[in-house]
Every structure is written in structure tokens, then in C-alpha cells.
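S.K.: Got a sequence here, can you model it:
(chains A, B and C)
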Amino acid sequence: MNRFVDLADFPREQVKDLLGLAARLQQHPQPQALAGKVLGLLFLNPSLRTLASFQSAMMRLGGTAVVITPGQGTWQLETRSGAVMNGAAAEHVREAVPVLASYCDALGVRMFAEGRDLAADLAERDFRMMASLCDKPLINMESAVGHPCQALADWHTMDEIGVPERGKFVLSWVHHPRGLPLAVPASTVHMAAMRGMEVVVLRPEGFALPEPIMEKARQAAAASGGSVSETTDRAAALAGAHIIYAKEWCSTEHYGDVEADARLRAHLSDWCVQESWFSAADPHCRLMHCLPVRRNVAVADHVLDGPRSIVIREAFNRMVVQMAVLYRLLRG
Amino acid sequence: MNRFVDLADFPREQVKDLLGLAARLQQHPQPQALAGKVLGLLFLNPSLRTLASFQSAMMRLGGTAVVITPGQGTWQLETRSGAVMNGAAAEHVREAVPVLASYCDALGVRMFAEGRDLAADLAERDFRMMASLCDKPLINMESAVGHPCQALADWHTMDEIGVPERGKFVLSWVHHPRGLPLAVPASTVHMAAMRGMEVVVLRPEGFALPEPIMEKARQAAAASGGSVSETTDRAAALAGAHIIYAKEWCSTEHYGDVEADARLRAHLSDWCVQESWFSAADPHCRLMHCLPVRRNVAVADHVLDGPRSIVIREAFNRMVVQMAVLYRLLRG
Amino acid sequence: MNRFVDLADFPREQVKDLLGLAARLQQHPQPQALAGKVLGLLFLNPSLRTLASFQSAMMRLGGTAVVITPGQGTWQLETRSGAVMNGAAAEHVREAVPVLASYCDALGVRMFAEGRDLAADLAERDFRMMASLCDKPLINMESAVGHPCQALADWHTMDEIGVPERGKFVLSWVHHPRGLPLAVPASTVHMAAMRGMEVVVLRPEGFALPEPIMEKARQAAAASGGSVSETTDRAAALAGAHIIYAKEWCSTEHYGDVEADARLRAHLSDWCVQESWFSAADPHCRLMHCLPVRRNVAVADHVLDGPRSIVIREAFNRMVVQMAVLYRLLRG
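M.R.: The predicted model follows:
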């Protein structure tokens, strides 16, 4: 394994092997496994879990990390090919990425969707460009439509608490003041399908996941014995659910159109998860969310603070699975 | 010891034991004592000494640190309970604190007073809330009315240079363009009282320390054999002083009222420590200040640059005593 | 060696010894050489290579680093002597530097030219003041007219690819939206002269390097057998060149006058390096640049992306030579 960019790059058995390694490293720490190794972390967007968990994961394996956040003590970076750089950006990623990679043994890159051109974002145009500049092991710390570390942590979390592999997994759109990228919903629906679950995407009109994202998940489901469907019918979706995975995302019908997106979501404030959402679910149904979560907008306090929520465990497992990813990338 | 939040939580002998450990670690470094341990540092307010000294303290014991500064590459954090989070803050401390704690072996939190509601700040409402969310060893890196690491460093500094335990300790209000929090004056008056000193709080009208702060210091003095008093009479206060501890703080008479505070301090520019302040003091009287200090506003250049100043040693001792705190929290 | 502030502080043989150590550390890593050592890095200006390469250099030798960036989670710093500090800056470097130095085994400081008073900048007034406050091994991470780490990395890079010691080195002014400091051109012309090269400074009218910079380079050339000249004649300068070192700098005729500088450079957009610049150069002529570089303003895409460019190797060598500097400063 020399890149960790998308779970779809690996056969299901290799993902399960990674999860097994994560569990073993948790039980039997190897505090010197990556001694002398340096991980570069390039953040073009804000972060809390990713920023802290990658550093701590590396440190718990004996390695170290260098964080670079353009605009925060570091130059603004240009990403456009062929740009005449007479504006605010002092440096191009064509220099910045290979230079950082040259100082490190592996490089993590976080770069959200530009959010204007759906086809470009679905094709991971920007992240692929960054990846093409890096000749070291590379980690996707969230790209336009991918967040494989979150997906792997969520898979691990469901394994830990015994969510059935054939269980019902409902990815539900939830409210947010503005449209967010598709990375987590895209990765989540694919991950749950790859795990073999009955995946239902629940979302209002105008927020259907793009067909290439759904098709990729369906292919994973076909291989694993799971299924993928979508609906606007909340009652039907939630009935019998083992997991309600709450996530905010932008209108895909009006991708890149902030005003149309705002009009569409203005009337959707009841898409805030309440305990009542669980009334027809499996009795052990849990709430998942990748965080950060806006309390009382996306999920109500009483759900986040109640026994159904496993969001803190998901976040902790970011560190756990990333230790396995780093181990595989840097030790094989 | 599993928390370091307030010197008042410990009997005097335990504080002296910590100081002894600090001295031993300084003389006999233990560069691997905390190997493999990760310290999380959450900064909701700016810092220099705390930021640098906690990292270096951890590193000098073989451990590592992860710094999180909301708004600097990380989400803005919400702290209000029950908030409907449709504003600028993307994440609530109810998630952020347990998540960070889960990645670390100990967590330091810096969170200044809100500065509006004196009763809430005196009760450490915000810091207690943060503390309640953390299930790992916790360090107060400055709260509304507490800065125990500074207090411990100052105690250690006085021991080092032989300031008598029964000596006269004058905490003097000094000028600043605007009102600052009460954390350092509150911790300092308590620390000096706990050390057994004759503590005098010298301040202009309108800047008396709140009664609960004075009462806590008086109780410490009663137990240690020291005393605590306050005055507006500079000459009387400074006569025979062994220490002049300069500190800026806000008007407590007009707590939270920025304009009234500004009117009150407008005429107080002579509260800038000069060599003349030492004329009737003990010949060996020293100047202390927690830093950062505004030169020629709070303390004159010639005092800071002269032989009376021990402010750099105080700052260095932040690292020294924090090594002892980290050792006790993480090794017992 | 207890300071690394200017290549001119060392005899040529000592610089070559440092380069030899850099090569040996690259071939035979010493991952524990600086175990337990802490490097402080104080950045008063933005950085990418310096920020990442000093951390990774330290880590690859087993040490650790603490980064302080005033204004980024840390107080703004005052540098003026005698200032009455009632403005935005909360702390003076007279406290900040000795305090940071006290936590560390060595300190790096980055502090660009103020860019108003040429004589003050040429005299390194600000950096010398910072240096006078630091009682630990000190590294110049770029000052008003010095960038010795870049110079050392560039020397090492030329050695690696076999650029003749007597080769022709053309430092060429290139375009930029605004005037930049003189640190890199000053260090570069001196380094190439010290290496023994035939150094030509090519620049438009109004951008001559100040006489003290040229004189310092001429003295180095006299000692090494090289030469230093300057011209506005591009064709003559580039003929037979082994290296074209592109660099942006401000108008020295109108130093500190932003508007006059802007008027002068408005018509100089053809000072963007193109492949045609190499037509009469040595066939193996390479392009060097310290980065960050503004593509298609200072250097054209096709040159940076072509085989002549060695800018990424120069940046990588920052880490390599800094390992040698850190080793000498901290191990002798």
C-alpha cells in the first residue's frame, strides 16, 4: 500500500485487514514502530479531528509530524494550472507539494471541494492534481468527494459495537446554515455498502446524491452483498434502522449556486435529528456523525448527549485507524 | 494527583513536594520519563510562555504535544449550553473537549474570563464546564480567576533566590490600556499567602480584588501563618517590601463595563513601576511580573532592564514547574 | 560554532566542512544525534520551506521543535527600543526572545527587513538587536539582508550537480507585483563569490544592489579567486552562464518608497525568465530560485517545469544543510 486516497482502491479483504491491524495496534501498542519517520500534514481547509488525530497517531507510533496551514504563517497557495501569479497567492502547489513531500516520509493533504463545478469535483480534479505532485506515500485527509479516514473509522466503530454487517444503515441529510461538501456523504454511503449493509440515503428533494456517487456505492454493494437505495420518505427510511448517520450537504440540484441552495434549505429546519426519529428504528439504533456537528441545527442536544450517540467514539477511532494506515504506508 | 487546576486543591505540603520534584528534575533530567505520552493543548486565548513552555516541558521529558487553537486552522468553538448553533461556531466544546482528550494522555486548557458576569467568572463557570467534559488528567493553563502554573513558577522563583517565607509580598496594580482578567492577581495573592508571606494588595480605588478572592487568600494565610491586607496607600504598601509583583487588572467596581473601566484608568498612568517605588523597600526587593508586560506603561524600561527584575527567571520556571506537574499527572 | 547568522562569519574552509557534514549526514543518518534537544523557531514573517525544513531537520536528528508565530495564537511583539507600549503589541522582544531562548537549546529567528531605512537594514539593526537578546545558539532564518541557510543550500545544490567552482553565476532580477527584501540577493551574490564563481548581477536601472552588499561580495571573491560585476545588459550577462539564479527585489534607488518602486517595475514585466534566456548560456545551464516563485511573473511555467529547473532540489537541500548547522551548533 503506497497511497490511501479512497477505500474503493482496495478490495474488501484489504480494508478488513487494515481494520484488523488497527485493532491489534490498539491492543498491543508499538510505540517505536515509526521512530524517525516524519509525516507532513498540509491543510488547505480547517480541521480539528484530522489535525489532532494524525499528529497523535504518528506520535503514538514513535514518529513525528509537521503541520502546514497556508495563510496561517505560511504563504497562500495557488492551485490553478497556468496561472499568472500576480495576486494574493505567493506560491504554487506545483512547488509547495513536492517540496513538502521531500522533507517527509508521507504526506497528508486536506483540500475541500471548490464547490462550483460538480463534474470537476466528482472527478477529484484538484486532489488528483495534488496527488500527481507527490512522490511519497499520500493520505487523503478529505478531498472533494472523499474522506476515507472517516469512512474507515466509522466502519471500525460499527464493528466494535456489533452493528450487523447486514444491518440497515440510514444516511440522513440534516440541516445546516449553508451547503457543505459531499466528501463525507459520498464516502459514507460507499463504506456502508462495501461493509455489506442495507444502505438508505434519506434526503429532501433537491439534495439527491449525484449519480456517480450512488453508482459507485451500488457497485460496492453488489460485491459485498449489500444494497443501496434513496428516498425522501423519512418514516420508511428510519423503520428498522441500526444506524442513523446524520450528515449535512449542499443542494446537488443547484450545485455551486449558493442562493438557490439557501432558498431550498430555508424550509428544512425540521431535518434536525430528534429522539422521535428513532421510534420505529431497531431498539439498539445508534446515531453517527463525523463531527463537527451544529447542535440543535443538525442534531438535537438530547440525542447527542444521550446513549444513542457514538460520535465521540467515531472521532477517537480516527486516531486508531489512522495508526494502521500510517503503519501500512511506512512499514508495509 | 489527577488534575492541576488550582493550588488551593492541594495541601501546602503537596505543593512543596511538587516544587521539590521540579528542582530534582532540573538537576537530574529524566529525558525518557514521559516517552510515548501525548499532551493536548487547547488554547482558546493567545499565549507565548504557556504555548512554548508546555511543549518544551513535555519534550524534555520525552513526550510530545499537540496544539489546537480554535480559529487558527481549527473550527471556532461554541461554549454555551443549549445553543442553537447557526452562527460562526462550527463545533461545540461538548464534542471538541472529549474528542481531544481521547487522543491524549493529558489535556491543558486555556480559557480566559468572559469578563461580563463577575459571579460566573468567580465561580469558574466556563472552565468547570470544560473540566467536566474531560476524562483525562487536566491542567488549567489559565482560567477566569486561576493560573496555577504561573503561581507555582513564582513560588519556585522566590525559593530559588531566597525570598523569606515570612517576607513582605506586595501585589501592585499597574497601568494597561484596558482592563485585563483577574486570573493572575487572584492566583498570585493566594500563592503568596499559602507560602506564608505578609501579602499586601496595592491598588487604586475601583480596583479592589473581589471579596471571594481575598477571602480565599486569607484562609490560605491563616493556615500558613501569613497575612493578607489591601490598601491604596502606595508608600505604606511598598515600605519594607521583599517583592513588588506588578499586575494589570480590570476595574472590579465596574466589572464588564468597558467604558467605566476606561474612565477610571484614564488618570492612572502613574501606576507604572519606577525605580523610585523601591526607595523604602527592602534593599534586595525584586520586581516580579507574569509577562507579557507593556513596557513604559506597566513597568518602566529601567526597572525591567535593571537588576531588580526577575521576570525572565519566572518565565523560565514555568517550564521547570510544569515538568513536575506533568510528571505527577502522567507518572504519579 | 555557536551562531549561524552569516556565511561571511566563517572562513571558506569551515563552510566547506559544513557542506561535507551535510553530505555525510545525508548518507549516514544519525537519527538520535540530537535526542532530547529542543529547537525554538520564532517566525515574525511567513514561511513554508523554513517552517517545514527546520522541524523535519530537527526530527531527523532525534530532536524536537517549538514554533512561535506572533499574531497566530501568540501576542504581537514590539521591537522598538524605548517604546511606550500602549498599542497593539502586548509583548516586547526584550522579554519574548530571552524567554523563548530559555526553553530551548537553540533558537531560530526569522525577521524580514523593515524596508524603510536602507542603512538600518544593511546594518541588520533589528536582527542584531534580537541576537543580542539570545544567549543560546542562534540561527538566522532570514534577516534584513541575510539568508545564510538558503545560501548554504544553494552552494550544496551546485556541488551536487557539478556546477564548476569557477563557473558563471548570473543573479538576475525578475518581476514581482511589489518590491521584496534584499536578503536572498545579498546572500546569494556573496555565497557565489565565496564559492569562487564569476558572479554577474543582472538588473534593470534602479535596482542595483547597494554598494555594501556588492563590496562584501567582492571581498569574498577576492579571497576565493572569483569575481563580481553588475550590468543591465541581459544578453551579455547570460552568455555562457552556468547558473541563472532568478530573484525578485525592491528598487534600491527608491528604497522604502512603495509608489516609486511600483512605477519603476510597472514596465518590467519582460523580466520573467523564459527558455530564450538560456539560448547563449552554457548548454547545461540551470535555473535556480529560492522559492516561493510567482509562476509566469518571475519565471515562466515551461522553465520551472522543464529540465533546467533545480528549484525543488534547492528546497530539499535546505533540510539537508540545516541538519549540519543544527548538528554543529548543538553537538559541536
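S.K.: closest point of the stretch 201-332 of chain A to chain B, which residue?
M.R.: Nearest residue of the stretch 201-332 of chain A to chain B: A:Pro292, at 3.4 Å (C-beta to the nearest C-beta). Backbone N, C-alpha and C define where each C-beta goes, glycine included.
S.K.: Quick check: that residue touching B:Glu95?
M.R.: Yes. In this structure A:Pro292 lies within contact range of B:Glu95 using C-beta atoms under 8 Å: 6.7 Å.
S.K.: per-residue confidence for A:Gly71?
M.R.: As predicted, A:Gly71 sits at a pLDDT of 85.
S.K.: Break chain A into its domains for me.
M.R.: As given by automatic domain parsing, the domain ranges for chain A are A:3-146+A:318-331, A:162-309.
S.K.: Which among those is found nearest to B:Pro46?
M.R.: Closest to B:Pro46 of the domains of chain A is domain A:3-146+A:318-331 (C-beta to C-beta; 14.0 Å).
S.K.: how about the closest one, does it get close to chain C?
M.R.: Yes. For a cut-off given as C-beta under 8 Å from any C-beta of the partner chain, domain A:3-146+A:318-331 has contacts with chain C, namely A:35-36, A:38, A:40, A:64, A:66, A:68, A:72-75, A:78, A:82-87, A:90-92, A:94-96, A:98-100, A:102-104.
S.K.: just how off-centre is that domain within its chain?
M.R.: Averaged C-alpha coordinates place domain A:3-146+A:318-331 at 12 Å from its chain's average position (C-alpha atoms, centre = their mean, to the nearest Å).
S.K.: Let me know the outermost residue of chain A.
M.R.: A:Asn86 (34.2 Å; C-alpha atoms, centre = their mean).
S.K.: can you tell me which residues contact that residue?
M.R.: Contacts of A:Asn86 were listed using C-beta atoms under 8 Å, 6 or more residues apart in numbering or on different chains, and they are C:177, C:294, C:297.
S.K.: got it, and A:Ala90?
M.R.: Taking C-beta under 8 Å, 6+ apart, one finds A:75-76, C:46, C:292, C:294 in contact with A:Ala90.
S.K.: what does chain A have sitting close to chain B?
M.R.: So far as C-beta under 8 Å from any C-beta goes, chain A lies against chain B at A:29, A:31, A:43, A:46-49, A:51-53, A:55-56, A:59-60, A:62, A:64, A:67, A:69, A:72, A:177, A:291-297, A:301, A:304-305, A:311-312, A:315-316, A:319.
S.K.: Out of those, which end up buried?
M.R.: Neighbour counting with 16 or more other C-beta atoms under 10 Å in any protein chain shown marks A:43, A:46-49, A:51-53, A:55-56, A:59-60, A:62, A:64, A:67, A:69, A:72, A:177, A:291-297, A:304, A:311-312, A:315-316, A:319 as buried within those.
S.K.: Let's see which of the residues you listed end up in helices.
M.R.: A:49, A:51-53, A:55-56, A:59-60, A:304, A:311-312, A:315-316, A:319 (DSSP state H).
S.K.: mind putting the residues you listed in TSV, pLDDT included?
M.R.: Shown next, in TSV, are those (pLDDT from 0 to 100):
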residue	pLDDT
A:Arg49	97
A:Leu51	97
A:Ala52	98
A:Ser53	98
A:Gln55	98
A:Ser56	98
A:Met59	98
A:Arg60	98
A:Leu304	98
A:Val311	98
A:Ile312	98
A:Ala315	98
A:Phe316	98
A:Met319	98
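S.K.: Please name the residues that touch the most centrally placed residue in chain A.
M.R.: In chain A, the centroid-proximal residue (C-alpha atoms, centre = their mean) is A:His147; its distance is 2.8 Å. Listed by C-beta under 8 Å, 6+ apart, the contact partners of A:His147 are A:140, A:183-184, A:187, A:290.
S.K.: hmm, try it at 10 Å
M.R.: A:6-7, A:50, A:110, A:140-141, A:153-154, A:181-188, A:191, A:290 (C-beta atoms under 10 Å, 6 or more residues apart in numbering or on different chains).
S.K.: what's the answer for A:Asn45, then?
M.R.: A:Asn45 neighbours (C-beta under 10 Å, 6+ apart): A:69-70, A:110-113, A:141-142, A:181, B:73.
S.K.: Apply 7 Å and report the result again.
M.R.: A:110-112 (C-beta atoms under 7 Å, 6 or more residues apart in numbering or on different chains).
S.K.: Now do the phi/psi pair for it.
M.R.: phi -140, psi 160 (degrees, to the nearest 10).
S.K.: Provide the secondary structure category for A:Leu39.
M.R.: Assigned by DSSP: H, G, I helix; E, B strand; the rest coil, the conformation of A:Leu39 is strand.
S.K.: Just give me the neighbour total for it.
M.R.: Neighbour count for A:Leu39, taken as other C-beta atoms under 10 Å in any protein chain shown: 30.
S.K.: Quickly list what it is bridged to.
M.R.: A:Ala65, A:Ala106 (DSSP bridges).
S.K.: hang on, it packs against A:Cys104?
M.R.: Yes. Counting by C-beta atoms under 7 Å, A:Leu39 touches A:Cys104, with 6.2 Å between them.
S.K.: got the buried residues for stretch A:10-22?
M.R.: A:10, A:15, A:18-19, A:21-22.
S.K.: And for stretch A:162-179?
M.R.: So, applying 16+ other C-beta under 10 Å, buried residues of stretch A:162-179: A:163, A:167-177, A:179.
S.K.: What residues does the residue of the stretch 201-332 of chain A closest to chain B make contact with?
M.R.: A:48, B:75, B:90-91, B:95.
S.K.: next one: A:Ala235
M.R.: Counting by C-beta under 7 Å, 6+ apart, A:Ala235 has contacts A:Ala280.
S.K.: where does the residue nearest to the centre of chain A fall, phi/psi-wise?
M.R.: Torsion angles, degrees, to the nearest 10, at A:His147: phi -150, psi 70.
S.K.: What of the one 10 residues further on?
M.R.: The phi/psi pair for A:Thr157 (degrees, to the nearest 10) reads phi -70, psi -40.
S.K.: can I assume it is in contact with A:Glu314?
M.R.: Yes. Taking contacts as C-beta under 7 Å, A:Thr157 lies within contact range of A:Glu314: 4.9 Å.
S.K.: Provide the contact partners of stretch A:238-250 at residue level.
M.R.: A:115, A:158, A:163-164, A:167-176, A:179-182, A:184-185, A:188, A:207, A:261, A:273, A:277, A:280-282, A:285-290, A:298-299.
S.K.: Flag every buried residue along it.
M.R.: Neighbour-count burial for stretch A:238-250 [16+ other C-beta under 10 Å]: A:238, A:241-250.
S.K.: Noted, bye for now.
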